[in-house]
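[1] Make a model of this:
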Amino acid sequence: MTLTRTGISKAVIPAAGLGTRFLPATKATPKEMLPVVDKPAIQYVVEEAVAAGLSDVLMITGRNKRPLEDHFDRNYELEEALTRKGDASRLARVRESSDLATMHYVRQGAPQGLGHAVLCAEPHVGDQPFAVLLGDDLIDPRDPLLARMITVQQQHGGSVIALMEVDPEQIHLYGSAAILPTPDPDVVRVTGLIEKPEPAQAPSHYAVIGRYVLDPAVFDVLRKTQPGCGDEIQLTDALRELAERDDTGGPVHGVVFTGRRYDTGDRGDYLRAIVRLACEREDLGPDFRTWLHTYVTQEMQA
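    Okay, here's the model as predicted:
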């Protein structure tokens, strides 16, 4: 097979979810804007895309998501106030989000699932491979997963998904991949996918996490994909069809990730992510770790 090695420059970030697990905090605030230490979760995701060389970012949004656009836009009143105060440090941090990438937005309309959200990106993406990043998964910048996935896609063509080995009891929360080894220890060939299977039906313990590099052939498949798990159009179902193909759009490979991942889609994991990231910050970590050690010690003794 002859591969066309076209550079990937576009990232798609679905951000139309209602965030019901975080109510009432998300009643009027998009879940993507919930802070992780002192930045909204969505900014970490955009920063990851930019670090991997993706300078063009499309967000798939919905109603009540205007704060996402405002965050990545200039705030001249705030910038002017900080300039008058001579607060160069905070001014730089405010401008950081608006200078990250070229941002675009499109509304999904009816919430019909991740597959439908990705399909909404077709007019913007066109006929080139592109990345999809889900905002609930934060990948530590010291573990460049997306850059590795782009390299694998350029080597093999088709699509690439991120996989992580999970406890068998947790596989029902994810898509599960049937896999075959390849000569690269961190790369597998994906031969099948099942969305949120019961543990006994899961083809493996390798779960699909929220990073994808997709061949544009996925759009044709998604247009024909019927609602599946949760009565939604599942990206997993479309990728399963591509994985089973020998023609246009295939193959599907997986990059097995063993690095640092922070799940902000669950309340408990969201809190743990904040604690872990705060502990590692040079400006916050020393004092915070001291307080945390004292607090945990007192709680254990109580």
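[2] Tell me, how many residues neighbour residue 190?
    Residues lying near residue 190 (other Cβ atoms under 10 Å) number 28. Just so you know, the C-beta spots here come from the backbone N, C-alpha and C atoms, and that holds for glycine as well.
[3] That one - that's part of a helix, no?
    No. Residue 190: not assigned to a helix; according to DSSP: H, G, I helix; E, B strand; the rest coil it is strand.
[4] if I look at residue 285, how far off is residue 41?
    20 Å (Cβ to Cβ, to the nearest Å).
[5] Looking at these two now, which is surrounded by more residues?
    Shown here are residue 285 and residue 41; by other Cβ under 10 Å, residue 41 has more neighbours (23 against 14).
[6] average pLDDT for the longest helix seen in the chain?
    When the chain is parsed with DSSP state H, its longest helix is helix 285-301. Averaging the model's pLDDT scores along helix 285-301 yields 93.
[7] Contacts made by that helix with the rest, please.
    275, 278, 279, 281 (Cβ atoms under 8 Å, 6 or more residues apart in numbering).
[8] Show me what the helix or strand hosting the second one is packed against.
    When elements are defined using DSSP states H and E, residue 278 is found to belong to helix 267-280. The criterion is 3 or more Cβ pairs under 8 Å, 6 or more residues apart in numbering; DSSP states H and E, and the helices and strands that helix 267-280 contacts are strand 35-36, strand 261-263, helix 285-301.
[9] Check which residues of it are buried.
    270, 273, 274, 277, 278 (16 or more other Cβ atoms under 10 Å).
[10] Ok, stretch 10-28 next?
    Applying a neighbour-count criterion of 16+ other Cβ under 10 Å, the buried positions in stretch 10-28 are 10, 11, 12, 13, 14, 15, 16, 17, 19, 22, 26.
[11] Same question for stretch 190-210.
    190, 193-197, 202-210.
[12] same thing with stretch 174-181?
    Those would be 174, 175, 176, 177, 178, 179, for stretch 174-181 by 16+ other Cβ under 10 Å.
[13] Okay, helices next: where are they in the stretch 51-200 of the chain?
    66-71, 76-85, 88-98, 114-119, 122-125, 145-156 (DSSP state H, counting those that start in this stretch).
[14] Only the buried residues of the longest one, if you could.
    What that stands for is helix 145-156. Result for helix 145-156 [16+ other Cβ under 10 Å]: buried residues 145, 146, 148, 149, 150, 151, 152, 153, 154, 156.
[15] Relative to residue 30, which of these is nearest.
    residue 146 (22.5 Å; Cβ to Cβ).
[16] Read off the pLDDT value for the closest one.
    pLDDT, residue 146: 96.
[17] Apart from its neighbours in sequence, what residue is nearest it?
    residue 52 (4.1 Å; Cβ to Cβ, 6 or more residues apart in numbering).
[18] Now that the one you found has come up, it's in contact with residue 151, right?
    No. Taking contacts as Cβ atoms under 8 Å, residue 52 lies outside contact range of residue 151: 9.9 Å.
[19] want to throw the helices and strands packed on helix 267-280 into CSV with distance to residue 119?
    Below are those laid out as CSV (distance: least, Cβ to Cβ, whole Å):
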stretch, distance to residue 119
strand 35-36, 29
strand 261-263, 25
helix 285-301, 42
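[20] Mean neighbour count, the ones you listed: which tops it?
    strand 261-263 (a mean of 18; mean count of other Cβ atoms under 10 Å).
[21] related to what we said a few turns ago, could I get the buried residues of helix 145-156 in TSV, plus columns for distance to residue 68?
    As requested, these are exported to TSV (distance: Cβ to Cβ, whole Å):
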residue	distance to residue 68
145	23
146	20
148	27
149	24
150	24
151	29
152	30
153	27
154	30
156	33
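[22] returning to what we had before: just name the closest of the contacts of helix 285-301 to residue 129, please.
    Each of these was scored against residue 129 by Cβ to Cβ, and residue 281 proved nearest at 34.8 Å.
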